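>>> Dropping the sequence and predicted coords here.
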Amino acid sequence: MRQAFRQRQPQNSEFIYYRVSPLPSLVIQDNSQSHLDTVVVDRRRKKWRPSHPSPPPPGLPIVGNATQIDPVAQRRSFSDFADKYGEVYRLHLPGKRTVVFVNSHRLVDEMCDEKRFAKIPSGVLEEIRNGVHDGLFTAKPGEENWGIAHRVLMPAYVCSRTFGPMSIRGMFEEMHDISTQMALKFARYGPSTPIPASDDFTRLALDTLALCSMGFRFNSFYAKELHPMVEAMGNFLVASGKRPGRVLPSFFYRAEDAKYWEDIEVLRNTAQEVLEARKRHPDGRKDLLNAMLNGVDPKTGKHMSDTSIIDNLITFLIAGHETTSGTLSFAFYRLLKNPDAYRKLQNEVDEVVGKGPITVEHISKLPYVTAVLRETLRLDSPISIFGVTSLEDQLLAGRYPVAKGESCGLFLARSHLDPAVWGDDAHDFKPERMLDEPFNKLPKNAWKPFGNGARACIGRPFAMQEAVLALAMLFQNFNFVMHDPTYNLAIKQTLTIKPDNFFMRAIIRDGLSPTQLEHRLAGRGFLEESSKSQTEESSGTVAKGQKITILYGSNSGTCESLAQRLASDASRHGFAVDKVDCLDTANGALPKNQPVIVITASYEGEPPDNAALFCSWLAGSKDEKLLQGVDYAVFGVGHHDWAQTFHRIPKLVDTKLEENGATRIADIGLSDAGSTDTFTDFETWEDNILWPALHQKYGTENSKDDVQPAGLSVEITSPRTSTLRQDVMEAFVVDTRKLTADGEPVKKHIEIALPTGQTYRSGDYLAVLPINPKVVVQRVMRRFKLAWDAHITIAGAANTALPTETSMPAQSVFSAYVELAQPATKRNILTLAETASNEEDKAALKKYANEDYPDVLDKRISVLDFLEKFPTVELPLGMFLAMLPTMRLHFLFSTLEPVLRHIDLLRA
Ligand code: HEM
Ligand SMILES: Cc1cc2nc3c(=O)[nH]c(=O)nc-3n(C[C@H](O)[C@H](O)[C@H](O)COP(=O)(O)O)c2cc1C
């Protein structure tokens, strides 16, 4: 039985008794109580006064707060709790488990005291332990293998030449090898291809770890399929994440469990093969496997056992890949959202590394790059929470009780924003606060992305060297832009967190081709290329005319469409468009020997999202020779409502380009979107100012043959008939007339012009592939609560004549591909009855399917009619679609003689 203990309440002079569960005592579910709601009152004293004003998260019996934690976004749930309950709260989980979460620096600091709290793997870590046992990450306190591995490996991780048999520095070349693969992949994608940041950084981290830890190449940048070990690891981690949340008896998870153990076997067998191969063919590689094989524990004199080596080989992959890739992905996101930091980082790389190859000596000379990573790890710690267990019954901050053996979570996503440490701008990305001097003065335990004490991350120097190298190499050779400039951080959570759906584009700097970049990265000097494109670059001309670059800064699309319009006009004026893209793609690199036309807006006096990096670079440059040789013209769009900053950005770009040595070839054009038509203003500027100035400067002239605006190349298809495999052609209805009086059943005279090549004789049938009336389609959209522009994609394996694996507007599907008016079949109605939530509706529907079915046929009651009549029916859209016949031909019979190529019909 655990010890009860006493505390004097600050608010009054009474003693109250806390006893920590699971004692036979009363659990208070009282709103007046502290966050730490498991405080239990001794039965003798039912009265208990709060030590803190906020209530705990109210939970449900048995499952406690489990249902309030979003299983795919736990971090968000914990943040919401932190908003509501402050610096500390306790959650109740199934199995009478409780976890105390701390969100402030002062409480994290207390929990970092290893005499009071220790890491004892539980939850997900316990599941991972099934695969890697007492490996470093999942070992329990006091396990011998942890001590041996820790002491053998610590020197290997120390980032200095003077320590241990090998060091992280010795792994630089192999890290460089994998970073080069990634850089070349970016280069070969080209500037327009969206790069899935998290995926490519995961490839980088995995391949680097496998190569540096065991000399093994996953070749993720080349292989389409994942290596079996990588796949098994992914499955194993996902399963480990799910297993702690199980609520049913294990019998129900037999298939999942079998797969889980199978994946563990794949991981262990692969690691074992690597180990045995190394033992058979020892080499002098400076990798972790050799460090583990050859290292001797200075304390016990023991070597690591084979099992422990295998456990730790897998552990490195698990602990090191998502964490490092998440850090790099977040760093890119933060840099792209903070142009000043982006520019400072790139300037530092340019100054320190220059244009030559990056060497290991550069790594420690890039303080700003390091600061960017530290600041990223503060705001977006990939492991945003780490756990410890209380070693005794104790009070936090002298007032919050925590029981011996109770689990605790140090929630870095909040403690890293504590204004007491980070100030009011804690949410801002400011790498300056992480430069060595301020960083070294931070309060103890304020920055904990790598965990704590003896159980802190052993891979920290490895990860930092790898990440600094990747950032330096990428920024030395590329500029980056967000693929979607309006993207805002969304988090994907697995074991760690990473940006979800974050895509960027990479534009090679210095006008290099991918081949030239390859030479530079390999330190082989500059490669003169004799390719056609290089020759064209220097002359500035291509077969179709003088090259022109068009750049836009645009959030809501006006300036982008003006840019596209200018591009489509260019050929008529003797110019060939080299590039139309956002201004950020020209950050630090404006082309020479060709005119550059800039079209941009302003937002609250700031640049549009896709021009921020460019403007930051330009505003920060004061070198009248920097842009010599660049010819430019600017058109700006603004709105007079923003009087103080009206046209601020286009005017700024226009003057700063000139100040930095570029030549203005036409006067700035400006349009006020609030008072005139911008497109007309633009055309006037184009025709009266821009093209004449360009002709004068470049000696070009308007094309004589191609005087019409180019327009877009358009292909018209009509996929419905081929998808539905109906051999019909388009015919025009020339005339329709109603032949019957109002109130009588409608009869119409319809006159149709036959398509070319079609003949018709009296008595022939006419087949029509109809379209459902708009009002009926609207009824479906309403019943299924579909937005007017909703799209539907039917999965490929479905048995249907409808198009699959293609996103189609729902309106088109319901208008043209399915029969909506078909009377419901008995089976349809019985299915509807099954999905009705109300017993009366079920009974009524069953009656329709049986004795009243003739009525259904008589009145042609469709599935849609039933759905509207019985709102309690919850039919999934997919089932509804499956019930409907695909649109078929309807046959009409003509009563009259064909007249020339027209036929006349009577339609009843
Ligand atoms: C930026 C990248 C990384 C971050 C943010 C990170 C973060 C962490 C954190 C927070 C812990 C403590 C977990 C806990 O207390 O439960 C940890 C432990 C660990 N990490 Fe890392 N890690 C990173 C990279 C790596 C790499 C590259 C490796 C392998 C080379 C690695 C290997 C380990 C190991 C083996 C442990 C367990 C140490 C022990 O308990 O003795 N980590 N890491
Ligand atoms: C939130 C907001 C802020 C704006 N701020 C300015 C401004 O500071 N100066 C200005 O001249 N126009 C301003 N405008 C007007 C836009 O620049 C103008 O609507 C322009 O056409 C937008 O171009 P885009 O569609 O290419 O993004 C602002 C518009 C919005 C919606």
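Arrived safely, thanks for sending. Ligands and ions are numbered 1, 2, ... in the order given.

>>> Now do the contacts for the closest residue to residue 442 other than its chain neighbours.
Excluding the flanking residues, the one nearest residue 442 by CB to CB, 6 or more residues apart in numbering is residue 421, at 7.1 Å. In short, each C-beta sits where N, CA and C put it, glycine included. Going by CB atoms under 8 Å, 6 or more residues apart in numbering, residue 421 touches 105, 442-443, 446.

>>> Give me the local confidence score for residue 421.
We have a pLDDT of 98 for residue 421.

>>> Is it in a helix, a strand, or coil?
Here residue 421 is recorded as helix under DSSP: H, G, I helix; E, B strand; the rest coil.

>>> for this structure, what's the longest helix?
helix 306-337 (DSSP state H).

>>> is ligand 1 contacted by that helix?
Yes - shown here: helix 306-337 in contact with ligand 1 (CB under 6 Å from any ligand atom) through 315-316, 319-320, 323-324, 327.

>>> So which of the contacts of residue 421 would count as near ligand 2 as well?
With CB under 6 Å from any ligand atom as the criterion, no member of the contacts of residue 421 is in contact with ligand 2.

>>> Among those, which ones are in helices?
Here DSSP H is the test, and the contacts of residue 421 give residue 105 as lying in helices.

>>> Can you say which of the contacts of residue 421 are buried?
If you count burial by 16 or more other CB atoms under 10 Å, the buried members of the contacts of residue 421 come out as 105, 442, 446.

>>> Model confidence score at the second one, please.
It stands for residue 442. 98.

>>> Over to residue 384?
pLDDT, read off for residue 384, is 96.

>>> need the contact list for the residue nearest to it when sequence neighbours are not counted.
Computed as CB to CB, 6+ apart, the closest residue to residue 384 that is not its neighbour in sequence is residue 413, at 4.2 Å. The contact partners of residue 413, by CB under 8 Å, 6+ apart, come to 75, 78-79, 381, 384-385.

>>> From these, which land in strands?
residue 385 (DSSP state E).

>>> out of the contacts of residue 413, which one sits closest to residue 673?
Nearest to residue 673 among the contacts of residue 413: residue 79, at 39.2 Å, using CB to CB.

>>> neighbours around that closest one, how many?
17 (other CB atoms under 10 Å).

>>> Let me know whether it touches residue 414 as I believe.
Yes - under the criterion of CB atoms under 8 Å, residue 79 makes contact with residue 414 at 6.7 Å.

>>> So residue 629: helix, strand or coil?
Residue 629 ends up coil, using three-state DSSP.

>>> Now do the residue nearest to residue 384 against ligand 1, distance only.
12 Å (CB to the nearest ligand atom, to the nearest Å).

>>> Report the separation between that residue and residue 601.
In this view, residue 413 and residue 601 are 35 Å apart by CB to CB, to the nearest Å.

>>> Could you do residue 720 as well?
41 Å.

>>> More neighbours: the two, which one.
residue 601 (28 against 17).

>>> Tell me, what's the model's pLDDT at that one?
pLDDT, read off for residue 601, is 96.

>>> wait, isn't it in contact with residue 635?
No - with contacts counted by CB under 8 Å, residue 601 stays clear of residue 635, the gap being 10.3 Å.

>>> which intervals of the stretch 651-800 of the chain have sub-threshold pLDDT?
Counting by pLDDT under 70, the stretch 651-800 of the chain contains low-confidence ranges at 704-712, 724-727, 762-763, 765, 796-799.

>>> before we move on, back to that, closest one of the residues of helix 306-337 next to ligand 1 to ligand 2?
residue 327 (32.7 Å; CB to the nearest ligand atom).

>>> That closest one and residue 378 touch, don't they?
No - the pair residue 327 and residue 378 does not pass the contact test of CB under 8 Å, sitting 11.1 Å apart.

>>> how long is stretch 718-737 from one end to the other?
28 Å (CA to CA, to the nearest Å).

>>> For residue 551, identify the helix or strand it belongs to.
Taking DSSP states H and E as the criterion, residue 551 maps to strand 545-553.

>>> Can the following helix or strand past that strand be said to contact ligand 2?
Going down the chain from strand 545-553, the next helix or strand is helix 558-570, by DSSP H and E. Yes - contact between helix 558-570 and ligand 2, assessed by CB under 6 Å from any ligand atom, occurs at 558-560.

>>> top of the residues you listed by neighbour count?
That'd be residue 559 among these, by other CB under 10 Å, with 29 neighbours.

>>> Quick one: residues contacting that residue.
552-553, 599-601, 608, 637.

>>> Using JSON lines, lay out the residues you listed together with distance to residue 193.
Formatted as JSON lines, the contacts of residue 559 follow (distance: CB to CB, whole Å):
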{"residue": "552", "distance to residue 193": "19"}
{"residue": "553", "distance to residue 193": "22"}
{"residue": "599", "distance to residue 193": "24"}
{"residue": "600", "distance to residue 193": "24"}
{"residue": "601", "distance to residue 193": "26"}
{"residue": "608", "distance to residue 193": "22"}
{"residue": "637", "distance to residue 193": "29"}
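
>>> Show me this protein divided up by domain.
The record assigns the chain these domain ranges, following automatic domain parsing: 5-109, 131-381+416-499, 528-698, 774-888.

>>> worst average pLDDT in the ones you listed?
domain 5-109 (a mean of 60).

>>> follow-up on the earlier one: and the next element down the chain from the longest helix of the chain?
Helix 306-337 is succeeded, C-terminally, by helix 339-353 (DSSP H and E).

>>> What's the separation between the residue in the stretch 51-200 of the chain positioned nearest to ligand 2 and residue 184?
Using CB to the nearest ligand atom, the closest approach of the stretch 51-200 of the chain to ligand 2 is made by residue 192 at 19.6 Å. Residue 192 sits 17 Å away from residue 184, taking CB to CB as the criterion.

>>> can you check residue 151 too?
Relative to residue 184, and taking CB to CB, residue 151 is found at 39 Å.

>>> residue boundaries of the helices in the stretch 701-850 of the chain?
719-723, 774-783, 810-812, 826-835, 839-849 (DSSP state H, counting those that start in this stretch).

>>> Could you export those helices to JSON lines, including columns for distance to ligand 2?
Below are the helices of the stretch 701-850 of the chain laid out as JSON lines (distance: least, CB to the nearest ligand atom, whole Å):
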{"stretch": "helix 719-723", "distance to ligand 2": "33"}
{"stretch": "helix 774-783", "distance to ligand 2": "30"}
{"stretch": "helix 810-812", "distance to ligand 2": "28"}
{"stretch": "helix 826-835", "distance to ligand 2": "46"}
{"stretch": "helix 839-849", "distance to ligand 2": "49"}
